[in-house]
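J.: need a structure here:
(2 chains)
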Amino acid sequence: MTQLLKNWLTQGPSSQQLISFNHHDIVTGALFTNQVAHYCRLLRESKITRWLLACDSSDQFAVGLCAALLAGKQVILPTNTQPGTLAQLADKFDAVLADVGLCEDKPALELKRELSLPDSHWPQSQGLGELVLFTSGSSGSPKAIHKSLRQLDEEVSQLEHTFAGHLPHCSVIATVSHQHIYGLLFKILWPLAASRPFLSDLVEYPETLSYYTSLLPNLCLISSPAQLSRLPSALEHERQARSPSLVFSSGGPLSLEAAQGIAGCYGQPPIEIFGSTETGGIGYRRQNSAADTWQTFDKVKIRQAQEDGALLLQSPYLADADWYRCDDQIEMIGEHHFRLLGRLDRIVKIEEKRVSLAQMEALLRQHPLVKDAALVLLTQPKQQLGAAVTLSDEGLALLAAAGKLNINNSLKAHLLTQFERVTLPRRWRYPNELPQSTQGKRLQADIIGLFSHD
Amino acid sequence: MNLTDKIKQLIIDSLDLEDVSIADIDSEAPLFGDGLGLDSIDALELGLAIKKQFDVKIEANSEATKAHFHSVASLANFIESQRVGA
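T.: Below is the predicted model:
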């Protein structure tokens, strides 16, 4: 099975293909085609190449994405639309394709559902565009990752090859955003190419999820540890009468407890996908015991770096055939299986959002109340960030006058210009100085010690 | 303790909010985003805690749920209305 995505994108959907649905509406292939043709025409009239794409509703997002790719544009996908994030990316795009106004200083095309468009043919492309996604690099600034149609197609075709057997006429619903690589592939590109309808809304609550599992007999759920680890408790650990045919989890490690909790409610543990924005999918597993290892996707080759055990990989999802070094430390179990041991850099994940500690510390240091800052990952009562901050004179005066909560909130508001709210530190300490060794190195354990409860 | 204070205490305890006391939470201010500044994961956990403590049923319609969870005051109204209906 090859070129599933390219073939679909070249030919377009059949008029009967059900593209998407929600609780009061459906989008058919015919309606989708009319909209893609409309936006493709508008985009072709513009000389601008680099378009930022952001849209809450997945069906409109898919319209914008297909139209821009067919028009040969470069599609820039921001991980979020916070003003600071967009400001950081300002030199990466020249116009905006979105459902809401985002940047006043750039031309914009509003993505809205046009119902009275004339019947159209699927646009023919003279050259398909490409996608640019962003991820936090360890240096702290966002790193652009270019994805050609060829790379995405390899991955979509491989997903269908590996998992189609589990997916009888499924509808796809997701608790994760389509603005990230995982949601983009699993909720938008793969379903489009394989003719599986997707839910145009994001599922945010367990109640909404249960509504759709009881409504639709065959469901594929695209989710992540943030939702799945809390779901068994929301379902009161009861075996559900209706379960999704398949549950995917990606974005970060799913605990064995959560995998088993899901198995208790839905009959089987989720299929976990390990990968990253840079590499695409690397491996997958179904966790039935702590000993379960990751299996690589068919065309992905891995080995281990001699010096530090880093994962090296060769994959058709990458731009070239070179060995790519990941910052994940692994243990190889035979040629196609491995265990994950941890990260080798200062990138952490909070509720699956990748955060560069260096970037967040640098931003904190720019604030007038702050002299220096150190961030640590705390694991109790849940994985969260702790911020140890030494204050400037201004900061110390405000701490005395207005109290700690006030300072916490000022610094959080400052971090929100670049970081998503779920990633912000939940614990704040304002010591007189940061613990350092005689060589001037930060003493990680002593900083963590600042957060232990008295 | 009145209902709004009970809700505030539940928010502090269930979300493990540090440095926040009942007096710091404005009943009318938004819980999410600006205001108390809770995030989407807090929303999940708070929904679960409210359901357990007050034995209320949360609807699948997320627009209605969002309105109920707007502030402490709207949560109090929601909990009250379910009690009257019971």
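J.: now tell me what touches stretch A:335-354 from outside.
T.: Outside stretch A:335-354, the residues within contact range by C-beta atoms under 8 Å, 6 or more residues apart in numbering or on different chains are A:135-136, A:138, A:176, A:224-226, A:251-253, A:274, A:283, A:293-296, A:302, A:308-311, A:327-333, A:355-358, A:377, A:383-385, A:420, A:422-423, B:41. To be clear about C-beta, it is placed using only N, CA and C from the backbone, and glycine gets the same treatment.
J.: mind checking which of those land in helices?
T.: Among the contacts of stretch A:335-354, the members falling in helices (DSSP state H) are A:225-226, A:357-358, B:41.
J.: just the buried ones from those residues?
T.: Neighbour counting with 16 or more other C-beta atoms under 10 Å in any protein chain shown marks A:225-226, A:357-358, B:41 as buried within those.
J.: now the residues you listed as JSON lines including distance to residue A:126?
T.: Below are these laid out as JSON lines (distance: C-beta to C-beta, whole Å):
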{"residue": "A:225", "distance to residue A:126": "42"}
{"residue": "A:226", "distance to residue A:126": "42"}
{"residue": "A:357", "distance to residue A:126": "45"}
{"residue": "A:358", "distance to residue A:126": "43"}
{"residue": "B:41", "distance to residue A:126": "45"}
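J.: just those residues: which has the poorest pLDDT?
T.: Ranked by pLDDT, these bottom out at residue A:358, which has 82.
J.: pull out the buried members of the contacts of stretch A:335-354.
T.: Buried among those (16+ other C-beta under 10 Å): A:135-136, A:138, A:176, A:224-226, A:251-253, A:274, A:283, A:293-296, A:302, A:310-311, A:327-330, A:355-358, A:377, A:384-385, A:420, A:422-423, B:41.
J.: strands along chain B, start to end?
T.: Using DSSP state E, chain B contains no strands.
J.: for it, what lies in contact range of chain A?
T.: Contact residues, chain B versus chain A (C-beta under 8 Å from any C-beta of the partner chain): B:16-20, B:24, B:33, B:37, B:39-41, B:43-45, B:47-48, B:58-62, B:65.
J.: could you rerun that using 10 Å?
T.: Residues of chain B lying close to chain A (C-beta under 10 Å from any C-beta of the partner chain) are B:15-21, B:24, B:32-34, B:36-45, B:47-48, B:51-52, B:57-62, B:65-66, B:69.
J.: for PyMOL, what selects the buried ones among these?
T.: Here is the PyMOL command that selects the buried residues among the residues of chain B next to chain A (16+ other C-beta under 10 Å):
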select buried, chain B and resi 15+17+18+19+20+32+36+37+38+39+41+42+43+44+45+47+48+51+58+60+62+65+69
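J.: filter the residues of chain B next to chain A down to the ones in helices?
T.: Counting by DSSP H, these contribute B:40-45, B:47-48, B:51-52, B:62, B:65-66 to helices.
J.: quick one: least confident of the residues you listed?
T.: Across the set of these, residue B:62 stands lowest in pLDDT, at 76.
J.: let me see the mean pLDDT of the longest helix out of those in chain A.
T.: With secondary structure taken from DSSP H, chain A has its longest helix at helix A:29-45. For helix A:29-45, mean pLDDT is 97.
J.: list the buried residues for it?
T.: By 16+ other C-beta under 10 Å, the buried positions in helix A:29-45 come out as A:29, A:31-40, A:43.
J.: and stretch B:66-74, by the same measure?
T.: Within stretch B:66-74, the residues that count as buried by 16+ other C-beta under 10 Å are B:68-72, B:74.
J.: could you redo the residues you listed as CSV and give each row pLDDT and distance to residue A:24?
T.: Output for the buried residues of stretch B:66-74, formatted as CSV (pLDDT from 0 to 100; distance: C-beta to C-beta, whole Å):
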residue, pLDDT, distance to residue A:24
B:68, 92, 20
B:69, 93, 22
B:70, 94, 23
B:71, 96, 27
B:72, 96, 31
B:74, 95, 24
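J.: how about a markdown table for these, with distance to residue A:80 added?
T.: Conversion of these to a markdown table gives the following (distance: C-beta to C-beta, whole Å):
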| residue | distance to residue A:80 |
| --- | --- |
| B:68 | 25 |
| B:69 | 21 |
| B:70 | 22 |
| B:71 | 24 |
| B:72 | 27 |
| B:74 | 26 |
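J.: between those residues, which is nearest chain A?
T.: In terms of C-beta to the nearest C-beta, no member of those lies closer to chain A than residue B:69, at 9.7 Å.
J.: give the rounded mean pLDDT of the helix or strand following the longest helix of chain A.
T.: Going down the chain from helix A:29-45, the next helix or strand is strand A:50-54, by DSSP states H and E. Strand A:50-54 shows a mean pLDDT of 97.
J.: over to stretch A:181-199?
T.: Averaging pLDDT along stretch A:181-199 yields 97.
J.: now the residue of chain B at minimum distance from chain A: closest residue in space that isn't a chain neighbour?
T.: Closest to chain A within chain B is residue B:60: 3.6 Å, counting by C-beta to the nearest C-beta. Counting by C-beta to C-beta, 6 or more residues apart in numbering or on different chains, residue B:60 lies nearest to residue A:211, which is 3.6 Å off, once chain neighbours are set aside.
J.: distance from the chain centre to the helix or strand encompassing that neighbour, please.
T.: Element membership for residue A:211 (DSSP H and E) is helix A:206-215. Helix A:206-215 sits 23 Å away from the centroid of its parent chain (C-alpha atoms, centre = their mean, to the nearest Å).
J.: now stretch A:298-313
T.: On C-alpha atoms, centre = their mean, the centre of stretch A:298-313 falls 23 Å from that of its chain.
J.: how far does stretch B:27-37 sit from its chain's centre?
T.: The answer for stretch B:27-37 is 10 Å, by C-alpha atoms, centre = their mean.
J.: quick revisit: alpha carbons only: can I get the longest helix of chain A in CSV?
T.: C-alpha atoms of helix A:29-45 as CSV (Å, rounded to 0.1, in the frame of the first residue of the first chain):
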residue,chain,number,x,y,z
GLY,A,29,-17.2,14.7,-0.3
ALA,A,30,-19.3,17.0,-2.6
LEU,A,31,-19.5,19.8,-0.1
PHE,A,32,-15.9,19.4,0.9
THR,A,33,-14.8,19.5,-2.8
ASN,A,34,-16.7,22.8,-3.3
GLN,A,35,-15.0,24.4,-0.4
VAL,A,36,-11.6,23.2,-1.2
ALA,A,37,-12.0,24.4,-4.8
HIS,A,38,-13.2,27.8,-3.5
TYR,A,39,-10.2,28.3,-1.1
CYS,A,40,-7.7,26.9,-3.6
ARG,A,41,-8.9,29.5,-6.2
LEU,A,42,-8.5,32.3,-3.6
LEU,A,43,-5.1,31.1,-2.6
ARG,A,44,-3.9,30.8,-6.2
GLU,A,45,-4.9,34.4,-6.8
